[in-house]
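A.B. asks: pasting a predicted model and its sequence here:
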Amino acid sequence: MKSGENVKSPSLNYYRRKYPDRTPVAVRLSPRNLAYEEGVLSLPLYLADHTVRLVENVQ
């Protein structure tokens with residue numbers, strides 16, 4: 001995990017393009033606020049314990 005505000009996630013985007021059937025929802029832990037954009041759920045670190053519940057609600 002890297003720290004900082006850069007949340008471009010090139011590796012995550014590469015994986016999503018390579019395996020679209022395996023990643024209907026991608027999850028990224030981020031220092032930013034909770035957000036869902038273009039199939040990527042960005043979770044602030046303090047919500048990491050709630051990842052499964054939040055992903056289920058997005059699908």
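C.D. replies: Noted; the coordinates are in hand. Numbering: from 1, shown residues only.
A.B. asks: could you list the low-pLDDT ranges of the chain?
C.D. replies: 1-7 (pLDDT under 70).
A.B. asks: ok, which stretches of it are helices?
C.D. replies: In the chain, the segments counted as helices under DSSP state H are 10-18, 51-58.
A.B. asks: now distance to Pro24 too, for those, in JSON lines please.
C.D. replies: Quick note: C-beta positions are derived from backbone N, CA and C, even for glycine. Formatted as JSON lines, the helices of the chain follow (distance: least, CB to CB, whole Å):
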{"stretch": "helix 10-18", "distance to Pro24": "10"}
{"stretch": "helix 51-58", "distance to Pro24": "9"}
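A.B. asks: out of these, nearest to Val25?
C.D. replies: helix 51-58 (5.3 Å; CB to CB).
A.B. asks: how close does Glu56 get to Tyr14?
C.D. replies: 25 Å (CB to CB, to the nearest Å).
A.B. asks: again but with Ser42, I slipped
C.D. replies: For Ser42 relative to Tyr14 (CB to CB), the value is 17 Å.
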